[in-house]
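Peer 1: structure for the following, please:
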Amino acid sequence: MIFWKMNRWGQQTGCIGDAVEAVHKDELNGEDSLTLVLPTRALSKGDRVVWKDRWNAWHEHIVNEAALSHADGAELYTFYCENSIAETMTDYLAEVVCEEVSASVALDDVLAPTRWAKGTVDNLGTGTLYFFEGSAHSAIGKVLETWGGEYATAITVSGEGVTGRSLSVKSRRGDDTGKLFTYGHDMGSVEQTVGADDVVTRLHCFGKGTGYGDADAGYTERITFAEINDGKDYVEDNAAKLVWGLPDGSGGVKHAEGVAVFEDCEDEEELLALGRAELQERSHPHVSYRASVAVLSDYGYDYDDARTGDTVSLRDKTLDLRL
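Peer 2: Residues are numbered from 1 along each chain as shown. Reported below is the predicted structural model:
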């Protein structure tokens, strides 16, 4: 694979064809990085690396960190590069006020101070966004928090340079193609991790502060839903209590209790709905799986493809596991 080297002004200054290692990490609504290990100091902070993947999609990454290592008589240079949407971290945005609009309308305002164009924006309903004095990158995050969805960047290249950059927000990036990874075939390992977060079966919920109380002393009264919930400022799961509760010291079981604060919530009905949803998440342990898989389309089996955002299944017959 050939990587184009470009300076911060978009001028191509060469190609990199001697990478010892190249790793692209792509996480939904998260890290999109390229790590290059080179035998020479071929890149500098702020340089751009432009490259094309096996689906013929172009990518642009900005060199952010560089490190030198010396081992076994050889010098190696490691360059950590971020998706070029990171440049919007230094695009200043004074104010965005969008009330009951679509994500598409909000994205127009958020991208205004940048050189990025709006791509495809799915219908994600209407919402309200208030943003003051920050980076366009932070405002993009607020759009995702408000309307949901998954973002994707696209780069267009013509001749020897990048001619366009766009940001899309989709209801989901990937597809459900029915892809199944099987241990011993195209899955090398699978690990199960049970999360360390405490399980709670009764959750006390609070919304925005009312302005009463002594904030300097660490106490501020907050909105609750007690008036519409039989005087209780909590929601609970009695079935979960029997599994994840605590001994009450008298031979019985008491609730494992927790607190949730929804800083921006000012409505009792909304707070109750948020509390119920939060309890549903916290009333059982979170179990995650990590698998090492081979994407066989890399070896010419185009029908056996998998990309970031896809829904896939994992099967390990020995562990009687299907996910």
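Peer 1: ok, residue 323 to residue 181 distance?
Peer 2: From residue 323 across to residue 181, the span is 10 Å (C-beta to C-beta, to the nearest Å). The way it works is simple: take the backbone N, C-alpha and C, and place the C-beta from them, glycine included.
Peer 1: compare those two (neighbour count), which wins?
Peer 2: More neighbours surround residue 181 than the other of residue 323 and residue 181, with 23 against 13 (other C-beta atoms under 10 Å).
Peer 1: so what's that one closest to, chain neighbours aside?
Peer 2: residue 187 (4.3 Å; C-beta to C-beta, 6 or more residues apart in numbering).
Peer 1: that neighbour: what's it in contact with?
Peer 2: 181, 291, 292, 293, 294, 314, 315, 316 (C-beta atoms under 8 Å, 6 or more residues apart in numbering).
Peer 1: that older thread, give me the common contacts of residue 323 and residue 181.
Peer 2: Contact criterion C-beta under 8 Å, 6+ apart; residues shared by residue 323 and residue 181: 313, 314, 315.
Peer 1: could you look up the SS state of the first one?
Peer 2: Translated: residue 313. strand (DSSP: H, G, I helix; E, B strand; the rest coil).
Peer 1: phi, psi for residue 150 please.
Peer 2: Main-chain torsions, residue 150, degrees, to the nearest 10: phi -130, psi 130.
Peer 1: also residue 228?
Peer 2: phi -110, psi 10.
Peer 1: where along the stretch 1-150 of the chain do the strands fall?
Peer 2: Here the stretch 1-150 of the chain has its strands, by DSSP state E, counting those that start in this stretch, at 3-6, 12-16, 21-26, 32-38, 48-52, 58-71, 74-83, 92-102, 117-121, 126-135, 150-158.
Peer 1: what's near enough to touch the residue nearest to residue 244 when sequence neighbours are not counted?
Peer 2: In space, and not counting its chain neighbours, residue 244 is closest to residue 199: 4.4 Å by C-beta to C-beta, 6+ apart. By C-beta under 8 Å, 6+ apart, the contact list for residue 199 reads 240, 244, 256, 282, 283, 284, 285.
Peer 1: can you check residue 173 too?
Peer 2: By C-beta under 8 Å, 6+ apart, the neighbours of residue 173 are 28, 150, 152, 308, 309.
Peer 1: now the residue nearest to residue 244: which helix or strand?
Peer 2: Following DSSP states H and E, one finds residue 199 outside all helices and strands.
Peer 1: and for residue 242?
Peer 2: helix 238-244.
Peer 1: name whatever forms a beta bridge with residue 258.
Peer 2: With DSSP bridges as the criterion, residue 258 is bridged to residue 203.
Peer 1: also residue 311?
Peer 2: Bridge pairing for residue 311 - DSSP bridges - gives residue 176.
Peer 1: repeat that for residue 79.
Peer 2: The partner residues for residue 79, given DSSP bridges, come to residue 36, residue 66.
Peer 1: heads up, I number from 24, so please use that
Peer 2: Got it, first residue is 24 now, which makes that one residue 102.
Peer 1: quick check, pLDDT for residue 276.
Peer 2: Per-residue pLDDT puts residue 276 at 96.
Peer 1: got the contact list for the closest residue to it other than its chain neighbours?
Peer 2: Nearest non-adjacent residue to residue 276, counting by C-beta to C-beta, 6+ apart: residue 268, 4.2 Å away. Contacts here follow C-beta under 8 Å, 6+ apart; on that basis residue 268 touches 224, 276, 277, 278, 279.
Peer 1: next, count neighbours for the first one.
Peer 2: Other residues within reach of residue 224 by the criterion other C-beta under 10 Å amount to 26.
Peer 1: again, but for the last one
Peer 2: Around residue 279 there are 18 other residues, counting by other C-beta under 10 Å.
Peer 1: cool, the one 5 residues further on as well?
Peer 2: Close neighbours of residue 284, defined as other C-beta under 10 Å, add up to 12.
Peer 1: list the residues that contact it.
Peer 2: 228, 229, 230, 245.
Peer 1: in TSV, list those residues along with distance to residue 154 and pLDDT.
Peer 2: TSV is the format used below for these (distance: C-beta to C-beta, whole Å; pLDDT from 0 to 100):
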residue	distance to residue 154	pLDDT
228	26	96
229	24	95
230	21	93
245	24	91
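Peer 1: which stretches of the stretch 174-323 of the chain have low pLDDT?
Peer 2: Within the stretch 174-323 of the chain, the segments meeting pLDDT under 70 span 234-242, 320-323.
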